[in-house]
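**Student:** below is the structure, and that's it, no one-letter string:
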C-alpha cells in the first residue's frame with residue numbers, strides 16, 4: 001500500500017475547469033483496470049494529487065506513469081502548450097497498513113480543510129470521502145477494506161469513520177512531516193526492516209535488478225527506457241542514480257550495473273560525471 005503524491009510542474013495549478021477533474025477520474029479508472037491496482041482513497045487538490053494506492057501484479061510505477069502521461073497530454077492539447085505538466089517524478093511512500101492506514105486515509109481526506117479550500121471534509125467534492133459516507137458510488141474506489149477496520153457492520157463502519165475523520169480536525173497527524181521529508185517507508189521498525197532496500201547486499205545481478213525496480217518507482221520511468229539506447233538527459237540521470245546507489249549501498253560494481261542496463265561501463269561513467277551529486 002502506497003501513499004502517492006503527484007504535483008504540477010513548479011507546483012502550478014493542474015486543473016482549470018470542473019471537467020478537468022472529471023477527465024482525471026476517467027483516466028484513473030482506466031489505469032486501475034488495466035494494471036489491476038486498487039485505489040483506497042484519493043484527493044484532487046488544486047496543484048497536486050493524493051492517492052492511497054495498492055499495487056496489483058504490476059508495480060505502482062505502471063499505473064502512475066499511465067495516469068500522469070495521459071492526463072498531461074490531454075491538458076497540453078487543451079491549453080496548446082508544451083513542456084512538463086507534472087514534476088518529473090511522483091513521490092511514493094510504502095505504508096504499514098496495520099499501523100497507519102486509518103490515519104493516512106484521514107490525512108488525505110482532510111487535505112482540503114488543512115489547505116483552506118473547504119470548511120469541512122463534506123464540503124469538498126473531489127475526494128473519496130464521499131464514497132466512504134455513501135454519498136457517491138465510484139466502482140474504481142475500494143472502500144470495503146478500510147471500513148472493515150472500523151466495524152463488520154456497514155452502517156456502524158460508516159458512522160465510526162465519520163467520527164474518526166471529524167476528530168482529526170482537532171489534531172495533526174504526526175507522520176505528516178515525515179512523509180513531507182521524502183521518506184520512502186512509513187511503519188514500525190519491523191516493517192521498515194522487512195521492506196528497506198538500504199542495507200548493503202551481496203554483489204549480484206539480482207540485486208542490481210532490485211535497484212532498477214526501485215528507480216522505476218522513484219522516478220516514474222519505464223524500465224524499457226533505462227535498458228534502451230536512449231541518451232536523453234532524464235534517462236541518463238536515472239542511470240546515474242542507479243550507479244550511485246549501487247556503489248553507496250555496496251550492491252555491485254559499476255561494470256555489473258552497466259551490464260544489467262545494457263550499457264558500456266564508459267557510458268555509465270559518463271552519466272556519473274554528468275550528474276555527480278545523484279545521491
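**Tutor:** The structure has been received and is ready for your questions. Only a predicted model underlies this, so the values are computations on that prediction, with no experimental measurement involved. Numbering: from 1, shown residues only.
**Student:** which parts of the stretch 151-279 of the chain are helices?
**Tutor:** 154-168, 176-180, 189-195, 205-219, 223-226, 233-248, 254-261, 265-274 (DSSP state H, counting those that start in this stretch).
**Student:** looking at this protein, which helix or strand is least sure?
**Tutor:** Least confident element among the helices and strands of the chain, by mean pLDDT, DSSP states H and E: helix 176-180 (a mean of 60).
**Student:** domain map for this structure?
**Tutor:** Per automatic domain parsing, the structural domains of the chain span 2-193, 205-274.
**Student:** least reliable of those domains going by mean pLDDT?
**Tutor:** Among the domains of the chain, domain 205-274 carries the lowest mean pLDDT, at a mean of 83.
**Student:** give me the distance from that domain to the chain's centre.
**Tutor:** Distance, stretch centre to chain centre, for domain 205-274: 21 Å (Cα atoms, centre = their mean, to the nearest Å).
**Student:** again, but for stretch 187-195
**Tutor:** Here stretch 187-195 is found 19 Å from its chain centre; the criterion is Cα atoms, centre = their mean.
**Student:** neighbouring contacts of it?
**Tutor:** Residues from elsewhere that reach stretch 187-195, judged by Cβ atoms under 8 Å, 6 or more residues apart in numbering: 94, 95, 96, 99, 100, 185. For the C-beta atoms, the positions are set from N, CA and C on the backbone; glycine is no exception.
**Student:** need phi/psi at residue 46.
**Tutor:** For residue 46, the backbone dihedrals (degrees, to the nearest 10) come out as phi -70, psi -40.
**Student:** is it true that it touches residue 112?
**Tutor:** No: at 9.1 Å, residue 46 does not count as touching residue 112 under the criterion of Cβ atoms under 8 Å.
**Student:** higher neighbour count, these two?
**Tutor:** residue 112 (23 against 14; other Cβ atoms under 10 Å).
**Student:** what helix or strand is that one located in?
**Tutor:** helix 97-114 (DSSP states H and E).
**Student:** so how far is the helix or strand following that helix from its chain's centroid?
**Tutor:** Remark: after helix 97-114, the chain's next helix or strand is helix 129-132, criterion DSSP H and E. With Cα atoms, centre = their mean as the basis, helix 129-132 stands 21 Å off its chain's centre.
**Student:** so which elements touch helix 129-132?
**Tutor:** Contacts defined by 3 or more Cβ pairs under 8 Å, 6 or more residues apart in numbering; DSSP states H and E place helix 129-132 against helix 154-168.
**Student:** residues in contact with the helix it packs on?
**Tutor:** Residues contacting helix 154-168 (Cβ under 8 Å, 6+ apart): 102, 106-107, 109-110, 121, 129, 132-134, 146-148, 150-151.
**Student:** with stretch 117-135 instead?
**Tutor:** 21, 39-46, 108-113, 136-138, 141, 143, 146-147, 158, 161-162, 165, 169.
**Student:** weed out the non-buried ones from the residues you listed.
**Tutor:** Among those, the ones that count as buried by 16 or more other Cβ atoms under 10 Å are 39-45, 108-113, 141, 143, 146-147, 158, 161-162, 165.
**Student:** any idea which helix or strand carries residue 53?
**Tutor:** Per DSSP H and E: strand 48-54 holds residue 53.
**Student:** what angle do that strand and helix 97-114 make?
**Tutor:** In terms of direction (axes from the mean of the first three to the mean of the last three Cα atoms, to 10 degrees), strand 48-54 departs from helix 97-114 by 160 degrees.
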